[in-house]
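Novice: starting from these lines, generate the structure:
(one chain, ligands or ions: 2)
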Amino acid sequence: MRGLAVVSICKPCSSIFTIPPSFPITQRGKTNHFSQFFDPPRVCSVSLSSTSFISVLQFKKENEKKKSNGKFGGIRRGGCSAVSSKCTVAEGRDGDFVVVNFYRFVFIEDPEKEVARHLYFLQDLDIHGRVYLNEQGINAQYSGPSRDAFAYVEWLREDYRFSDILVQVSPALNGHAFPKLKLRYKPSLVQLEGGISHLPLLDPSMRATPLAPSEWRKKLEAINNNGSSNANLNANYILLDVRNGYEWDIGHFCGAQRPNVDCFRSTSFGLSQSEVIASDPLADVDKERTNILMYCTGGIRCDVYSSILRQRGFQNLFTLKGGVSHYLENEGPVEWIGNLFVFDSRLSLPPSAYKPEATTQASKTQQASENSTFARCYICGSQLSDLRHRNCANLDCNLLFLCCKDCVKDLKGCCCLDCMFAPRLRPLLPENQRYKKWHIYRDMELQSKSTV
Ligand SMILES: [Zn+2]
Ligand SMILES: [Zn+2]
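Specialist: Ligands and ions are numbered 1, 2, ... in the order given. Okay, here's the model as predicted:
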């Protein structure tokens with residue numbers, strides 16, 4: 001092994017680093033500090049487990065062997081030929097940043113080794129985001145210059161298990177949309193109460209039938225446009241938004257009820273037992289006859305949740321394949337109102353980000369906003385044109401809320417009066433910016449005090 005640098009990941013801070021060849025292998029699993037071996041020195045307060053080292057080392061060894069046999073196609077850089085046919089944004093310049101999302105449920109025999117393989121490939125690429133792997137597959141959201149972002153997809157697709165993986169791409173105009181790369185083994189690919197490792201995700205028959213965007217559109221148009229002429233049709237369909245209420249507040253499909261959910265982890269549609277819960281749209285439906293049309297941002301939450309509903313006896317489950325982002329890219333905002341909430345620093349994207357020629361249906365937006373929380377200021381209830389949340393300036397509240405310009409000014413970026421007098425208050429942020437780490441504001445304050 002002499003002469004080989006080994007790439008690994010710091011468990012506590014998730015940063016990727018290279019262990020220099022001079023570092024004695026026998027000590028690697030035992031030491032607590034690697035900082036003296038890094039240039040520039042880095043402090044990693046907790047050690048890597050010895051198993052992580054071994055898997056990385058093993059991968060490295062096999063990789064070298066395959067490379068010398070000419071069998072390993074692994075490390076190829078640049079180019080996005082395999083992707084660009086499916087991703088319109090991919091045709092941008094190399095320096096353009098994009099956000100990429102994909103997931104797949106597939107059996108991975110040795111996920112730790114797979115993690116090491118991915119880390120090794122990504123070590124020279126500028127990728128930030130969350131990539132999680134386990135025995136059930138992969139779930140990834142990341143940002144990077146398009147060249148690097150697509151190199152990763154292309155590399156992944158060389159593996160037969162991921163060769164036809166559906167990839168969502170959207171522009172990231174302000175560079176990285178994630179602070180750093182977290183690529184690791186995670187017991188649950190999405191957060192759900194009780195975990196998801198017991199769910200039969202690898203069996204497609206235990207999940208909903210995926211509908212292509214065009215099929216989804218046809219169904220929605222039939223339901224939403226038939227009015228009272230065919231009440232039976234409407235009674236047979238339930239359009240289920242499998243996201244959070246605050247996501248619905250800035251955009252949703254016409255006809256979808258606002259989910260009474262603050263966090264996917266606690267989603268419980270269709271699980272209410274004897275008593276009928278008013279907020280559960282599946283509480284009183286005929287499990288054998290009703291068609292449930294489920295949608296979420298990128299498709300993974302629906303896929304997971306459909307397997308729970310399947311186990312509960314729901315027969316006719318349909319999901320929107322690739323989620324809303326795939327739909328907007330293919331169909332534009334037909335039957336869609338508002339923007340799409342995204343879980344990165346951009347927070348919200350207009351449909352035109354996915355399909356540039358698309359325009360929002362202003363009249364539908366107007367209609368939808370009457371008597372509902374859609375596009376309303378959380379403080380004063382006035383109608384908003386800027387469909388984008390902001391975080392409360394009080395660090396210890398940090399509530400994600402919609403707010404009009406006047407209320408932002410009056411409450412100095414806070415969600416309520418109490419927060420305005422909280423001890424850890426951050427300055428009012430200009431539009432479309434996100435808060436940085438707290439220590440930056442704390443240090444700014446100390447500095448201004450010391451210069452007085
Ligand atoms: Zn307001
Ligand atoms: Zn607050």
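Novice: check what pLDDT L347 gets.
Specialist: Per-residue confidence (pLDDT) for L347: 92.
Novice: pull the number of nearby residues for it.
Specialist: As a burial measure, L347 scores 19 neighbours (other Cβ atoms under 10 Å). Bear in mind the C-beta positions are built from the backbone N, C-alpha and C, glycine included.
Novice: any idea how far ligand 1 is from it?
Specialist: Remark: distance between L347 and ligand 1 (Cβ to the ion, to the nearest Å) = 18 Å.
Novice: next: G175.
Specialist: Computed as Cβ to the ion, the G175 to ligand 1 distance reads 30 Å.
Novice: does L201 really touch R207, like I thought?
Specialist: Yes: between L201 and R207 there is a contact at 7.0 Å, judged by Cβ atoms under 8 Å.
Novice: residues shared between the contacts of the two?
Specialist: Residues touching both L201 and R207 comprise D303, S307, with contact defined as Cβ atoms under 8 Å, 6 or more residues apart in numbering.
Novice: could you confirm L156 falls within a helix?
Specialist: Yes: when the secondary structure is assigned by DSSP: H, G, I helix; E, B strand; the rest coil, L156 falls within a helix.
Novice: so, low pLDDT: which residues of the protein?
Specialist: Under the criterion pLDDT under 70, the flagged ranges of the chain are 1-94, 226-235, 264-266, 272-279, 358-371, 449-452.
Novice: near ligand 1, which residues of it? Just list them.
Specialist: Where the chain comes near ligand 1, counting by Cβ under 5 Å from the ion, the residues are C377, I379, C380, C404, C407.
Novice: wait, which of these is closest to A393?
Specialist: Lowest distance from A393 to these (Cβ to Cβ) belongs to C407, with 12.3 Å.
Novice: number of residues surrounding that closest one?
Specialist: When neighbours are counted by other Cβ under 10 Å, C407 comes out with 19.
Novice: and for the residue of the stretch 201-350 of the chain found nearest ligand 1, the neighbour number?
Specialist: Residue nearest to ligand 1 within the stretch 201-350 of the chain: D249 (13.8 Å; Cβ to the ion). Counted with other Cβ under 10 Å, the burial measure for D249 works out to 23 neighbours.
Novice: give me the nearest residue to it, chain neighbours excluded.
Specialist: Across the structure, with Cβ to Cβ, 6 or more residues apart in numbering as the measure, the residue nearest D249 apart from its sequence neighbours is T373 (5.3 Å).
Novice: pretty sure the one you found sits against Y246.
Specialist: No: judged on Cβ under 8 Å, T373 makes no contact with Y246 at a distance of 9.0 Å.
Novice: neighbour count winner among the two?
Specialist: Neighbours around T373 and Y246, counted as other Cβ under 10 Å, are more numerous at Y246. The numbers are 20 against 14.
Novice: now the more buried one: how far from L309?
Specialist: Applying Cβ to Cβ, to the nearest Å, the value for Y246 to L309 is 23 Å.
Novice: try K218
Specialist: 23 Å.
Novice: so between these two, which is more surrounded?
Specialist: For K218 versus L309, neighbours defined as other Cβ under 10 Å are more numerous around L309 (23 against 12).
Novice: which residue ranges of the stretch 101-250 of the chain form helices?
Specialist: Listed in chain order, the helices found in the stretch 101-250 of the chain under DSSP state H, counting those that start in this stretch are 111-122, 146-157, 213-225, 231-235, 245-248.
Novice: all set, thanks.
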